[in-house]
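Enquirer: Please work out how this folds:
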Amino acid sequence: MADSDPPGSPQDTDPQEADGASFSWQVVRSLLYSGLGKTVSKVLNVVALLVVLKLISTAAFGVASIVLAIFSILRAVTELGLGVAIVQAQDITREEIDSLFWLSLLVSGTLYVLLVAVAPLIGGFYGEPQLTPLLQVYGLSVVVFSFYFVPKNLLTKEMAFARIVLAENVSLLASSVLMVVLAYYGFGAWAIILGELGNRVGRLGLFQFFRPHWPGWTFNWAKVWPRVSFGLYATGSRLLYNFYINADYLLVGRLFGPEAVGIYTMAYRIVSDPVRTLASTINDVAYPAFSKLQDELERLRTYFSTIARANLSLIGLVLVVIGVHIQELLLVGGYEKYFDAVPLVYVFVLVGVFRSVAALVPQLLNAVGQARLNFFYAIFSSVLMPVAFFVGGQFSLTGVAWAWVAAYPLVVAVLLYFSARVLEVSLPALLGAIVPGGIVLLPALGAGLGLQWLTDTYLSGMPIVALVLGVLGTLGVGLGLLALREREALAVLRGKYSAANA
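Expert: Residues are numbered from 1 along each chain as shown. Here you go, the predicted structure:
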C-alpha cells in the first residue's frame, strides 16, 4: 500500500486557494510599487511647489491654478474614457487599440483648436489677459496626452506598476527642476504651467519607451464602438466629476480674484494632495484588481469593503496630523503669507474624511461594467456642488469651503448606495463594514491635541522639535491602533482570509 502524501504537499493544495494567494501577492506587490512611486512623486512635487511658492506671488499661483482647473475639466474629454475601457476589457485586439488611439487624437486635436480660439474670451471673463497665452500654450498637453494614454493603460492592465512608477517619477523630477528654475528667474505663473507641460512631454517619451505603441493606419468603427460606448459613460462621469471638483476654483477666481484663488488653492491642496496621493495609490491597483474579480462576487465584496475601511483609517490619520499641526507647518516652513488659509484647511479636513471612502467607489463601478452608475452620480454631483459653491460664495471665501461640508456627504451617500447595489448587499451592511475604520481617528486626534498642548507648554522656543514630536507621536498612536485593528485587511491582501468568512 502506497504511503499517503504528507500534509501540505501539492496534492493537498486547493488550486483556487493557490490562485487566490497568487493574485493577492500580485495585488500587494502592485500596492507596494504604486505606493512607493506615489510617495516619491508627491514628495518631489510638494518640494518643488513649496520652493516655487516662495518665489512667486499668491496672485501668480492663483492664475496658474485657474489654468490647471480648466484643463482638469478638458482632459476628461481627451481620453473619452477609452483608457478605462482598455483596462476593463478582458480581451482587446490590436486593431481596436489603434482605432481608440486615432479617435482620441482626433478629439484632442479638435479640442485644442477650439481652445486657442476661445482663450481670449476666458481671459476677458476673469479680467486677466495673461490667461490667454497660458491657456494656448498649456493646451498642447491635451494633444500630448493622446500619444501616451495607450501605453500607460496597457501597462496598467498588465499591472506593471514598477515601469509606470519609474516613468512618472523620472518625468516629474525633470519637470520639477524646470519649474523651480523658471520660478527663480521670475517667470511667475509660467513656471508652473511650463513645468506641468514638461511633465506631460516626459511621460510621453518614457511610456513609449517602456511599452511602445506605434499605431497602424487602421480604424474600424464597428469593432471599436463597444469600447467607445463603455468609454462614453466613463468620459461623461469624469468630465462632470472634474467640473464640480474644480468649479469652486473657477467661482472663487471670478468672485474674489486671483489672490483669493491662491489662498483657497493652498488650503485645498494641503488637504487634497495627500488624500489624492494615498487614494490614487490604492485606486491604481484596485481598478485592475476589481476588474479581474468582477465575476467573483464574494471575493470582490471582501476586497472592496476591506480596502475601503483601510482607506478611511490611513487617509483619516494623515488628515488628523494636518488638521492638528497645520499652523506649525506653515510657520516652520516660512509661509506666513498663507496663514489666511488655516481656517479653510480645518474645513477641508472634514471633507477629506468623506473623500477617502468616496474615491474608491468609481473604480468598483467601472470594474464591474457599471460606468453608467458613475455617470448618474456625476450628473447629481455636477448640479448639487456648483449650486452649493455659488450659495456659499455669496457670504465669503470661507463660505465656499463650508459648501463642501454641507453638500458633499450627500454625494458620498449616493456613491455608497450604488456600490451596495453592485455588491448585492444592503447599504447598512456595507456601512457597517467600512465605518469602523474611522474609530482609530478619535484617539489619534486626542493624542495629537495632547502632544500639541505639551509642546506648546514646554517647547515653545523650539518650534521644529515640537512639530516633529507632535507629528511622530500622532502617527505612532494612529499606526499602532491600525496595526491592531486592521489585521483582517492585511490577511485579505495576503490571501489568508477567505471570502466565505467575510
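Enquirer: Please make it C-alpha for all contacts and neighbour counts, starting now.
Expert: OK.
Enquirer: With just CA atoms, put stretch 362-382 into CSV.
Expert: Output of stretch 362-382 as CSV, limited to C-alpha atoms (Å, rounded to 0.1, in the frame of the first residue of the first chain):
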residue,chain,number,x,y,z
PRO,A,362,-15.9,54.8,-9.1
GLN,A,363,-13.2,52.2,-9.5
LEU,A,364,-15.6,49.5,-8.4
LEU,A,365,-18.4,50.6,-10.6
ASN,A,366,-16.2,50.8,-13.7
ALA,A,367,-14.6,47.5,-13.0
VAL,A,368,-17.9,45.6,-13.0
GLY,A,369,-19.1,47.4,-16.1
GLN,A,370,-21.5,49.8,-14.4
ALA,A,371,-19.9,53.0,-15.7
ARG,A,372,-23.5,54.4,-16.2
LEU,A,373,-23.9,54.5,-12.4
ASN,A,374,-20.8,56.7,-12.2
PHE,A,375,-22.4,58.9,-14.9
PHE,A,376,-25.6,59.2,-12.9
TYR,A,377,-23.6,60.1,-9.7
ALA,A,378,-21.6,62.6,-11.7
ILE,A,379,-24.7,64.3,-13.0
PHE,A,380,-26.1,64.6,-9.5
SER,A,381,-22.8,66.0,-8.2
SER,A,382,-22.2,68.4,-11.0
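Enquirer: What's the mean pLDDT across it?
Expert: Stretch 362-382 carries an average pLDDT of 84.
Enquirer: chain center to it, what's the gap?
Expert: 16 Å (C-alpha atoms, centre = their mean, to the nearest Å).
Enquirer: just stretch 132-140 next, same as before
Expert: On C-alpha atoms, centre = their mean, the centre of stretch 132-140 falls 24 Å from that of its chain.
Enquirer: Does L350 lie in a helix or a strand, and which?
Expert: helix 342-358 (DSSP states H and E).
Enquirer: from the chain's centre, how far out does that helix sit?
Expert: The answer for helix 342-358 is 14 Å, by C-alpha atoms, centre = their mean.
Enquirer: Could you do stretch 206-216 as well?
Expert: That offset, for stretch 206-216, works out to 25 Å (C-alpha atoms, centre = their mean).
Enquirer: Contacts for that stretch next, please.
Expert: Stretch 206-216 is contacted by residues D98, F101, Y148, V150, P151, K152, L154, L155, R163, I164, A167, S171 when judged by C-alpha atoms under 8 Å, 6 or more residues apart in numbering.
Enquirer: ditto for stretch 121-130
Expert: P120, L131, T132, G253, R254, G257.
Enquirer: Please apply the same query to stretch 392-405.
Expert: 248, 251-252, 255-256, 260, 264, 343-344, 347-348, 350-351, 385, 388-391.
Enquirer: tell me the average confidence for that stretch?
Expert: pLDDT averaged over stretch 392-405 gives 93.
Enquirer: wait, L155 sits on V165?
Expert: No: L155 lies out of contact with V165 (C-alpha atoms under 8 Å); the separation is 10.6 Å.
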